[in-house]
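Undergrad: structure for the following, please:
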Amino acid sequence: MVCEMDNLPTYAEFFSGGGMVRAALNGVWHCALANDIDAMKCRVYRDNWPGAGLIEGDVASLDPEVLKQPIDLYWASSPCQDFSLAGRGQGLGGARSGVFNPWFEKVSEAVTAGFAPRIIAFENVTGLLSRHDGRDLDHVLTSFISLGYKVGALEIDACHFVPQSRPRLFVIAVRQGVDISDLCQPQADGAFFSPRLVRFHAGASRLIREHWLWFRLPYPMPSPANLMSILDSDPDTPWFSNEQVDRLLSMMSSPSLARIAAARAEGRKTVGTLYKRGRPDDTGRVRQRAEVRFDGVAGCLRTPAGGSSRQTVLLVNGNQIKARLLSRREVTRLMGLPKSYKMPERYNDVYRIAGEGVVVPIVKYLDENVFQPVLLKAATEREVA
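TA: Below you'll find the predicted structure:
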C-alpha cells in the first residue's frame, strides 16, 4: 500500500525517540504515525518535525484503532537496558525491555484486523542474542512468525557508516506471500552475519529455521568519515585544565598509557576518544579507569549514567595533550544526523537522544537494500495478479 496523498510508502515508528528513523526515511516514506513515552524526546521530535503525527504516551495505552490503516513498515527500537551488557540481564522480563510484549499486542491486533504491514523491523542491542541463552530473541522471532512472517536478522556495527563503534541487532520480518527468494541466499554470506548470529541460527528451533531469511546484501562502502573529520571547529564544550588532563592520565591502565606514548611518538596531531569505566584492580576492588582508543573510531554513544558514559575527545600533538567532552555537534555527526537536526539544549539530553537512537545511515542502507526491494516485489506481484 502507498499513501495516496504523496504516493510514498508509509511507515509507523514506535519508541521513536528523537526521530532518527524519520531523519533517514523523510522524503522517501510517509510517516503515518510515531509514538514515544518520553516527554523530552517528544519535544525534540516535534522541534524537528512539527505536526508530524507523533502520539506521546505509553505504547501499552496506544489506541489500536490508529494502526488499522494501510502501513507498509513498522519500525521499533524498543528500550535496550535489560538486554545491554551494562544492564542487569533481565531481558524481556525487565521493566524497560519488557515493553516488547505490549507493543507486540498492538501489532497483533492490527494484523488480525487485516492491516498487516509488509515489513516489521525491530532494532536492539546485540545482547538480545545472548540474554537467557537466546530465549529472548527466540521469543521475538516466534512472535513475528506466529503472525505470518518470515524472519531474518543482521548484526551491524555503525563503524561501517560513521566513525562510531556501535554494534546493533536488526531483526527484519517480511510478510509471507511476498516472493523475495531472489533477495535472499541459502546461507550466511556477508558482512553482517556475525559468528554468534550464525551460531544462534544453528541452535534455533526448527520453526525459526524453517522461516529464516538470509538477506543478500551488498558490502557497505568503507566509511568516508573518520574521527578527525567530524571534529567540531568551534566546540560548545570547554577544554579541560592541565590538572584535569593529568587526572585522566593518572586513571589510565598500562595499555592506555602505551597508546598515549605511541601517539606522542608520531609527532603529529592524533585524535582519540576516552571512556571512564569501572575495572577491578589486583585486589578485586573496582576502580574507575580511563580507557583511550586511537583507531579513528569513537566508542559507542550511550545514555548518560553518573557521567561515566560521557565520551572525552583526546588530542595528542607531540608532548601536548588536550581533552574535552564531545560537543553537541560531534554527537550529532556521530549519529549520521543532518546539519539541520535540532538537538536539545541540555548536554545530558543530547546524550540520551543519541545513546538511545539508531544511526541514520544504517536505516538508509536497510531501506535501499531491503525495504524498497521488498515493496517493489510486492507491488509487482499485485500488478501481475
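Undergrad: helices along the stretch 51-200 of the chain, start to end?
TA: Secondary structure of the stretch 51-200 of the chain (DSSP state H, counting those that start in this stretch): helices at 100-112, 135-146, 195-203.
Undergrad: tell me the buried residues in the helix or strand just after the shortest one?
TA: Along the chain past helix 195-203, the next helix or strand (assigned with DSSP states H and E) turns out to be helix 206-210. Of the residues in helix 206-210, those buried under the neighbour-count criterion (16 or more other Cβ atoms under 10 Å) are Ile208. In short, each C-beta sits where N, CA and C put it, glycine included.
Undergrad: which stretches of the chain have low pLDDT?
TA: 1-6, 80-98, 281, 305-309, 381-385 (pLDDT under 70).
Undergrad: where along it do the strands fall?
TA: 2-3, 8-14, 30-36, 54-56, 73-76, 119-125, 149-157, 167-175, 184-185, 214-215, 269-280, 286-293, 312-317, 320-325 (DSSP state E).
Undergrad: thinking again about what came up before, for Phe215, which of the helices of the stretch 51-200 of the chain is the nearest?
TA: Phe215 sits nearest to helix 195-203 of all the helices of the stretch 51-200 of the chain, at 11.9 Å, using Cβ to Cβ.
Undergrad: now the closest one and strand 167-175, what's the angle there?
TA: Helix 195-203 runs at 40 degrees relative to strand 167-175, counting by axes from the mean of the first three to the mean of the last three Cα atoms, to 10 degrees.
Undergrad: could you dump the strands of the chain to CSV with distance to Asp236 and mean neighbour count?
TA: What follows is these, written out as CSV (distance: least, Cβ to Cβ, whole Å; neighbours: other Cβ atoms under 10 Å):
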stretch, distance to Asp236, mean neighbour count
strand 2-3, 39, 16
strand 8-14, 29, 23
strand 30-36, 26, 22
strand 54-56, 27, 18
strand 73-76, 31, 24
strand 119-125, 29, 25
strand 149-157, 28, 21
strand 167-175, 28, 22
strand 184-185, 46, 15
strand 214-215, 40, 20
strand 269-280, 17, 17
strand 286-293, 22, 16
strand 312-317, 12, 21
strand 320-325, 10, 18
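Undergrad: quick one: closest of those strands to Gly299.
TA: With Cβ to Cβ as the measure, strand 269-280 is the member of these nearest Gly299 (5.3 Å).
Undergrad: tell me how far that closest one is from the chain's mean position?
TA: Relative to its parent chain, strand 269-280 has a centroid offset of 22 Å by Cα atoms, centre = their mean, to the nearest Å.
Undergrad: which strands and helices sit next to that strand?
TA: helix 254-266, strand 286-293, strand 312-317 (3 or more Cβ pairs under 8 Å, 6 or more residues apart in numbering; DSSP states H and E).
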